[in-house]
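S.K.: missing the sequence, but the structure's below:
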Ligand code: DGL
């Protein structure tokens, strides 16, 4: 039985999921968080569905061993390919939350204001068709146009943001015809909130670029409230584990979390 002050487990292929972790941390400061970034295996965005499922289930087991009341799949590539399998695997042991459903719910709530949605993400996320399928289930009149933008992840990790190189790459992707008519854009990847303002500027602020990390954190808060599982007090410090550690992961983690944090190496695959 999950208890209110049990930690929330969050996982991603690497450190990008820290954007979601930070949004959650700001909104729910009482919650203890155990983050796991699978830096041994990143990127997930180029992997097959089977491979993403097997990594996701392995990390979920680790987070369950830590006594987590929630497993939050912060990675879009894992949310779109492995959520059902992770949920089946977990059964009643914890609540399983992905980063796609909260955003789809938001789009569906605003359905009267939206005509055409763009979705950008990794190849694994876009090829799964998950966003388009879920939006069609609740708002079939909304046109969904999806496009993989795989260069954005290495670009952001290498620090190319708010400069000429990133402006050129953003322009090159987002001026394609798939994105021509959109009024709303879903940032379907952990890394993209970092360039959200730059993307808004590319569209002259005429496209509503959804702040996906914030939407997910808000939805998680509602779910915890609903299940009477909001923490009443912190049960311990946040932990940030990675399966492999290099100085560069340490340096970029701070950019994604927006505060300095200490990564701890915990290679669950070496056991
Ligand atoms: N975290 C991944 C996602 O949100 C992006 C990085 C990767 O490809 O592993 O899809």
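M.R.: Done, it's in. What you are looking at is a predicted structure, and each value in this text was computed from that prediction instead of being measured. Residues are numbered from 1 along each chain as shown.
S.K.: can you pull the pLDDT of the closest residue to the ligand within the chain?
M.R.: Of all residues in the chain, residue 45 sits closest to the ligand, at 2.7 Å by Cβ to the nearest ligand atom. All C-beta spots, glycine's among them, are computed from the backbone N, C-alpha and C. Note for residue 45: predicted pLDDT of 98.
S.K.: ok, now residue 72?
M.R.: Here the pLDDT value assigned to residue 72 is 98.
S.K.: wait, what's in contact with residue 265?
M.R.: Going by Cβ atoms under 8 Å, 6 or more residues apart in numbering, residue 265 touches 241, 242, 243, 244, 245.
S.K.: Quick check: the farthest pair among the residues you listed?
M.R.: Using Cβ to Cβ, these span at most 10.7 Å, a distance reached by 241 and 244.
S.K.: Between these two, which is the more surrounded one?
M.R.: residue 241 (22 against 18; other Cβ atoms under 10 Å).
S.K.: Report how many residues lie close to the residue lying closest to that one once chain neighbours are set aside.
M.R.: Excluding the flanking residues, the one nearest residue 241 by Cβ to Cβ, 6 or more residues apart in numbering is residue 266, at 4.1 Å. Look at residue 266: counted by other Cβ under 10 Å, it has 16 neighbours.
S.K.: wait, doesn't residue 266 sit right on residue 240?
M.R.: No: counting by Cβ atoms under 8 Å, residue 240 is not a contact partner of residue 266; they are 9.7 Å apart.
S.K.: For the stretch 51-200 of the chain, what lies in contact range of the ligand?
M.R.: Residues of the stretch 51-200 of the chain found near the ligand (Cβ under 6 Å from any ligand atom) are 75, 76, 77, 121, 122, 125, 153, 189, 190, 191.
S.K.: Name all residues that make contact with the last one.
M.R.: Read it as residue 191. Shown in contact with residue 191 (Cβ under 8 Å, 6+ apart): 16, 19, 152, 153, 156, 157, 256.
S.K.: Quick check: nearest residue in space to the first one, chain neighbours excluded?
M.R.: What sits nearest to residue 16 in space, not counting adjacent residues and going by Cβ to Cβ, 6+ apart, is residue 190, at 3.4 Å.
S.K.: what do you get for the fourth one?
M.R.: For residue 153, the nearest residue in space outside its immediate sequence neighbours is residue 191; the separation is 5.2 Å by Cβ to Cβ, 6+ apart.
S.K.: The last one now?
M.R.: Distances taken as Cβ to Cβ, 6+ apart put residue 18 closest to residue 256, at 3.7 Å, once the chain neighbours are dropped.
S.K.: what's the neighbour count on that neighbour?
M.R.: 29.
S.K.: neighbouring strands for the helix or strand where residue 96 lies, and are they parallel or not?
M.R.: Element membership for residue 96, per DSSP states H and E: strand 95-98. Strand 95-98 has its sheet partners listed here by DSSP bridges as strand 70-73 (parallel).
S.K.: mind listing what residue 136 touches?
M.R.: Residue 136 touches 142, 144, counting by Cβ under 8 Å, 6+ apart.
S.K.: how about the strands of the stretch 101-250 of the chain, start to end?
M.R.: Taking DSSP state E, counting those that start in this stretch as the test, the strands found in the stretch 101-250 of the chain are 116-121, 143-148, 184-188, 208-209, 239-242.
S.K.: Output those as CSV; include the columns mean pLDDT.
M.R.: As requested, the strands of the stretch 101-250 of the chain are arranged in CSV below (pLDDT from 0 to 100):
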stretch, mean pLDDT
strand 116-121, 98
strand 143-148, 98
strand 184-188, 98
strand 208-209, 98
strand 239-242, 98
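S.K.: between those, which one is nearest to residue 26?
M.R.: strand 239-242 (15.8 Å).
S.K.: Which elements pack onto the closest one?
M.R.: If you count contacts as 3 or more Cβ pairs under 8 Å, 6 or more residues apart in numbering; DSSP states H and E, strand 239-242 packs onto strand 33-37, helix 247-257, strand 264-265.
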